[in-house]
Every structure is written in structure tokens, then in C-alpha cells.
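Chemist: Next input, structure requested:
(one chain, ligands or ions: 1)
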Amino acid sequence: MAKQEDDFKKVISHAKEYGYVFQSSEIYDGLSAVYDYAQNGVELKKNIREYWWTAMVQLNDNIVGLDAAIFMHPTTWKASGHVDAFSDPLIDNKDSKKRYRADVLVEDHIAKIEAKIEKEVTKAAKRFGEAFDKEQFLATNRRVVDYQEKAANISKRLGKSLGNEDLADVKKLIEELEISCPMSGSKNWTDVKQFNLMFGTKLGASAETAMDLYLRPETAQGIFVNFLNVQKSSRMKIPFGIAQTGKAFRNEIVARQFIFRMREFEQMEMQFFIKPGTQKEWYEHWKEHRLKWHLSLGLGEENYRFHDHEKLAHYADAAADIEFRFPFGFKELEGIHSRTDFDLSKHQEYSGKKLQYFDTEENKNYVPYVVETSIGLDRMFLAIFSNSLKEEELENGSTRTVLKIPAVLAPTKAAVFPLVKKDGLPELAKEIVDDLKWDFNVIYDQKDAVGRRYRRQDANGTPFCITVDHQSLEDQTVTIRHRDTMEQQRVAISDVKDIIHQEVDMKSWLKKML
Ligand code: ATP
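Modeler: Just a heads-up that it's a prediction; the model follows:
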């Protein structure tokens, strides 16, 4: 646990030091769970968004984009169920006065049991060496089987009591498991209560006529209310999808995990409209497809897993999370939900407008079913950033800090250095920058010794460093150094652009999904 916390602290401080993420309004001591993206962060975020958008909209001829407003008519949120049901179960510790999500306390307890299982597996793998069969060990080792059963039973009970709105049983479960306040160790808990997560605001000039509004807690509803407009104007035939990226707001009860859980965040969602009865196959399709998108970035297959929901949201008939191994353990990165016709039917009911599709093959009207994929852009940012940050021991015994962000997403693709600040080298280096900047984000750096400049760019996540030296003036060649391997090559200046292109080209990364 201590190592995990330490690693996570390093991620947060690196993000600040290298201009990725700052606490919002820091000079006023910050605003809890609200963050700003700095010069490098904004580029990484933009590149992740583009990687998603290209895979979703550009590469699928049956998916189109949308950019709906954050403000929506307040009835939207009555229809969607958010006014009545978009809440989290909260619990307070009477001694420490700290507030928690009751379900998260129980989930963290389950995670501790899972960590014990992993520890047993690691120990056994060491003991049995080559002969170790993990599957068999998990199925037969008495202690591990007990742990698994225990975790599954707790998860089932939590799912059941949340599903039945039985908050008294959630409290009972916390007491039975002897869960204590992580801050104070106290087990003196209040009852569990529901807390609505939507932020309210007002639209209008005078207090009497102002209309109560909500800041949207998800982008999805902007898509649902536009379903027919988009379908008609694009002449899309079912199955088809609408994709959108944009801000969402939630008054989260506990938000102590940096950009993992924010009160203002960005989502990338796609709602796929289908014929009723085909939801199972599309749900499986999108689960598989989305996992492939993640794997294309090469962050390691072992860092992802699916988690099927026990407790289904009010709108879903099936739901799974793609979980990622964050510095604090496996947690939800993306949700895939089979939402049935819940949303469109509700909007139809509340608006009195038909939200149906005429299926020419079936020769009838119906309210389409929806399978959605929903990922937090900030969580994806954290997944990439935390996974990329490495401390490496070098052959000469020194260490380097390197941010191995997939080259396609790196904020700056190359840094160009003159070896020395004279003899015409800066001029040639700047010429190279002027040429490359039409294709990539590149920077010029002439400060300090070249070794230090390499280290700076490693920590910044820049995949290439290009050094101009005296030989460059004679034969128009430079050295190009690769961030991950630290390998250096002498290449013609005229080839530099192609070399960078080969590694950062989105097409070749996305083709890994096929
Ligand atoms: P959690 O269980 O972690 O609260 P959720 O199940 O409420 O998440 P969804 O409503 O399914 O999340 O939202 C879809 C995605 O939006 C999530 O998978 C996550 O990546 C992102 N997301 C949700 N809430 C936040 C938040 N407060 N901060 C950052 N990202 C978020």
C-alpha cells in the first residue's frame, strides 16, 4: 500500500512539474477535485480525444458526431431518471467527521481481499517456478478459494442491497466486515443516506422568472434528445451511432484521487441505436471493440480487465466496465452499457414527441434500443500518464525518469538541439524546427549540456531528440535519439520527417485494432 501511495504521489508531482496538470485556482489554495490542464496536458488530452474520435467517427461510416450544449431543458433530467435516482450512498464517520461513499468502502475492502489473492499467486509462482499453473492454483488452493468466495459473496450482497435500495443492509455489511474509517480507524458510522450528484444552477435575469437548471452529469442525454434530428438529417439507417465528447459535472461525495474522480470532467461517449432484440450481440461487439482500442496503445494487456456489473443502473439490462490498473489498483476506466429503449421511451413520454424509427425492412416503427460506450477522457489521461512514468536504471548505474507516452499521443513529438550555441548550429536547428512544425509539435532547446537536455525531454515524454552538430553543416545529417531505447542514429536531415512520421502516425497505431 505504501509503495502504491508513493508511486501515485510521484505521478501527481510529475504532472505538475512538467506542465501537465495543475490544481485549479491553486493560488487560492485550490478547489477540491477540480483541475486545470497545462501546456503539455492540454496537448495530451487533445491527442487522446482525437485518437478516440478518429476510431469512432472517422473509421465507422455508420457513426456521426455531435456537440450538444451543456445546458439542457430541466425536464431532460426528470425523464432520464437523474433527478430521482442519480445519487450515491454516503456514510459519515462520527469521530473523524469524514464522508465516504458506502459502496466504495465495501469495494475497497474487496480490493484488499483481491490483493491477498495476488500475493498468494506471486508467492506460489516463485515457489513452483516454471511448473506453476496459475489457473490450477486459483481453482484448488484452499486459502485462495476461500478468499475468492468471500470476495464474491460480499460483492453479491452489496449489489443486492443497493439494487433493493436497502441502505440499512449496506450499513450492516460495513459493520459486519468491521470496516473502519481509513483516516481515523474508527468504526463509529452514521446511517447510509442517498445524495444527488447533480449541480444546480439558474437561467434567467430575475429571481422570480429564473429557471432551475442542472449542469449535465453525462453527455449521453444530449445525444438522446437529438436522436431524431440527427437520424433524419444524416439519413442514417439502424444500426448507427452518435458520438460526442464534452464536459460533465458531478458533485462527487469523495474526490481524493487526483483526476480519477473530478467534479468537472470530460466524457467521450457513443450511443449506438439498434433494433430491439439485437442488444446482446451489439453489447458483445462493443465490449470487444473498445478493448481493442485500448490495447492498440500498447500499455500492456495485463493492465486491463472486464468487470460485469452485479448492480445494474436504472436504465440497463447489461453493463460492464473496462477496468485499468491505476497506481491505486484496478478501477473503472470505461463503461459499456446496454441501455434498452429506456432513455428514448422516457423522452418520448415526457416530451410528447415521437422518438421512433421507421424500419423499411421490417415495415414498422419502433423505439430503438441503445448500447453505449462511455469513457472519461481525464481517466484515460491518468491511465496513460501513470502507466508511462518510469524510473529506469541505466547501464552506467545512473537512473533516468522517463515518460513513455505512446508516441502517437505525445504532446511534443521532437525536440531539436544545436550542440553548441554558436558556429551557425542554432540557425540550422531553427531551420529544421521551422520545417517540422508544419507536421508536428516540435520545440527548440539550446540550454544546458546535451545530456541534460535529453533527460529533460525524457521526463517530458518527447519521443525524439534531434541534435545538430558541426558535421551537420558539412553533410546535412543530424543525430536522432529515440526516447524509449535511447538509441542514436545518424540520418540525413531530409529523412527526419519520415522517421518521425513512421512512429507517430495515427493510422499505423489504429490499425493494430484490426
Ligand atoms: P464511478 O463508478 O467510478 O463513479 P460511474 O460508473 O458513475 O463511475 P459512468 O456514469 O458510467 O461512471 O461514466 C462513464 C465514465 O465517465 C466512467 O467510466 C469514467 O471514466 C468517467 N467518469 C465518471 N465519473 C467521473 C468523475 N467524477 N471524474 C472523472 N471521470 C469520471
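
Chemist: phi, psi of the single nearest residue of the stretch 301-450 of the chain relative to the ligand?
Modeler: The stretch 301-450 of the chain approaches the ligand most closely through Gly376 (2.6 Å), counting by CB to the nearest ligand atom. No exception for glycine: its C-beta is placed from N, CA and C like everyone else's. The phi/psi pair for Gly376 (degrees, to the nearest 10) reads phi -90, psi 120.

Chemist: contacting residues around it?
Modeler: Phe265, Glu266, Gln267, Met268, Leu333, Glu334 (CB atoms under 8 Å, 6 or more residues apart in numbering).

Chemist: In strands, which of the residues you listed appear?
Modeler: When DSSP state E defines the strands, the subset of these inside them is Phe265, Glu266, Gln267, Met268, Leu333, Glu334.

Chemist: Please report which of those has the highest neighbour count.
Modeler: Neighbour counts for these peak at Glu334, which has 24 neighbours (criterion: other CB atoms under 10 Å).

Chemist: What sits closest to it if chain neighbours are left out?
Modeler: In space, and not counting its chain neighbours, Glu334 is closest to Ile375: 3.9 Å by CB to CB, 6 or more residues apart in numbering.

Chemist: cool, and Lys94?
Modeler: Closest to Lys94 by CB to CB, 6+ apart is Asn188, at 4.4 Å.

Chemist: show me where the stretch 301-450 of the chain has strands.
Modeler: Along the stretch 301-450 of the chain, the segments classed as strands by DSSP state E, counting those that start in this stretch run 304-308, 318-326, 329-340, 357-359, 364-366, 369-376, 389-393, 399-403, 414-418, 442-444.

Chemist: quick one: strands adjacent to the fifth one?
Modeler: Strand pairing for strand 364-366, using DSSP bridges, gives strand 357-359 (antiparallel).

Chemist: roughly how far out does the strand it pairs with sit from the chain middle?
Modeler: 35 Å (CA atoms, centre = their mean, to the nearest Å).

Chemist: quick one, what contacts the residue nearest to Glu334?
Modeler: Neighbour list for Ile375: Trp52, Gln267, Met268, Glu269, Arg290, Leu333, Glu334, Gly335 [criterion: CB under 8 Å, 6+ apart].

Chemist: Which residues of the stretch 101-250 of the chain lie near the ligand?
Modeler: Applying CB under 6 Å from any ligand atom, we find that the stretch 101-250 of the chain lies next to the ligand at Glu218, Arg250.

Chemist: Can you list the residue ranges for strands in the stretch 101-250 of the chain?
Modeler: Counting by DSSP E, counting those that start in this stretch, the strands of the stretch 101-250 of the chain are 193-196, 200-203, 211-214, 240-249.

Chemist: one step back: of the contacts of Ile375, which are in range of the ligand?
Modeler: With respect to the ligand, and counting by CB under 6 Å from any ligand atom, the subset of the contacts of Ile375 in contact is Gln267, Leu333, Glu334, Gly335.

Chemist: which residues does the first one contact?
Modeler: Taking CB under 8 Å, 6+ apart as the contact definition, Gln267 lies against Glu218, Thr219, Thr245, Gly246, Lys247, Ala248, Ser374, Ile375, Gly376, Leu377.

Chemist: which residues of the stretch 201-350 of the chain score low on pLDDT?
Modeler: Within the stretch 201-350 of the chain, not a single segment meets pLDDT under 70.

Chemist: An error on my part: the question was meant for the chain.
Modeler: Segments of the chain classed as low confidence (criterion: pLDDT under 70) are 1.

Chemist: angle of the longest helix along it against strand 329-340?
Modeler: Looking across the chain with DSSP state H, the single longest helix is helix 102-128. Going by axes from the mean of the first three to the mean of the last three CA atoms, to 10 degrees, helix 102-128 is angled at 120 degrees with respect to strand 329-340.

Chemist: Which positions within helix 102-128 qualify as buried?
Modeler: For helix 102-128, the neighbour count (16 or more other CB atoms under 10 Å) marks 102-106, 109-111, 113, 117, 120-121, 124 as buried.

Chemist: Pick the one among those closest to Ser24.
Modeler: Val104 (23.1 Å; CB to CB).

Chemist: hang on, the closest one packs against Glu252?
Modeler: No. Look at Val104 against Glu252 with CB atoms under 8 Å: they stay out of range, at 10.4 Å.

Chemist: can you list the residues of the stretch 301-450 of the chain near the ligand?
Modeler: Glu332, Leu333, Glu334, Gly335, Ser374, Ile375, Gly376, Asp378, Arg379.

Chemist: try it again with 8 Å
Modeler: 313, 321, 331-335, 337, 374-380 (CB under 8 Å from any ligand atom).

Chemist: Going through the residues you listed, which ones are buried?
Modeler: Using 16+ other CB under 10 Å as the burial test, these include 321, 331-335, 337, 374-380 as buried.

Chemist: Take the residues you listed and write them to JSON lines, including distance to Val34.
Modeler: Shown next, in JSON lines, are those (distance: CB to CB, whole Å):
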{"residue": "Asp321", "distance to Val34": "24"}
{"residue": "Lys331", "distance to Val34": "20"}
{"residue": "Glu332", "distance to Val34": "20"}
{"residue": "Leu333", "distance to Val34": "21"}
{"residue": "Glu334", "distance to Val34": "22"}
{"residue": "Gly335", "distance to Val34": "22"}
{"residue": "His337", "distance to Val34": "26"}
{"residue": "Ser374", "distance to Val34": "21"}
{"residue": "Ile375", "distance to Val34": "20"}
{"residue": "Gly376", "distance to Val34": "15"}
{"residue": "Leu377", "distance to Val34": "15"}
{"residue": "Asp378", "distance to Val34": "11"}
{"residue": "Arg379", "distance to Val34": "15"}
{"residue": "Met380", "distance to Val34": "18"}
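
Chemist: Now for those residues: which two are most distant?
Modeler: His337 and Asp378 (19.4 Å).

Chemist: what's the span of stretch 485-493 from first residue to last?
Modeler: Using CA to CA, to the nearest Å, one end of stretch 485-493 lies 21 Å from the other.

Chemist: Now do that stretch: everything it contacts.
Modeler: With contact meaning CB under 8 Å, 6+ apart, stretch 485-493 is reached by Ile432, Tyr454, Ser472, Gln476, Thr477, Val478, Thr479, Ile480, Arg481, His482, Ile499.

Chemist: buried subset of those residues?
Modeler: By 16+ other CB under 10 Å, those give Ile432, Tyr454, Ser472, Thr477, Val478, Thr479, Ile480, Arg481, Ile499 as buried.

Chemist: Narrow these to those in strands?
Modeler: Thr477, Val478, Thr479, Ile480, Arg481.

Chemist: ok, so of those, who is nearest the ligand?
Modeler: Arg481 (35.2 Å).

Chemist: can you tell me which residues contact the closest one?
Modeler: Arg481 neighbours (CB under 8 Å, 6+ apart): Tyr454, Phe464, Cys465, Ile466, Thr467, Glu487, Gln488.

Chemist: ok, the residue nearest to Lys94 - how many residues close by?
Modeler: 12.

Chemist: Am I right that it is in contact with Asn93?
Modeler: Yes. Asn188 lies in contact with Asn93 (CB under 8 Å); the separation is 6.4 Å.

Chemist: so who does the closest residue in space to Ile432 that isn't next to it in sequence touch?
Modeler: Leaving aside its chain neighbours, Ile432 sits nearest to Val416 (5.2 Å; criterion: CB to CB, 6+ apart). Contacts for Val416 (CB under 8 Å, 6+ apart) come out as 429-430, 432-433, 436, 442-445, 465-468.

Chemist: Which pair of those residues spans the longest distance?
Modeler: Between all members of the contacts of Val416, the farthest pair (by CB to CB) comes out as Lys430 and Cys465, at 15.5 Å.
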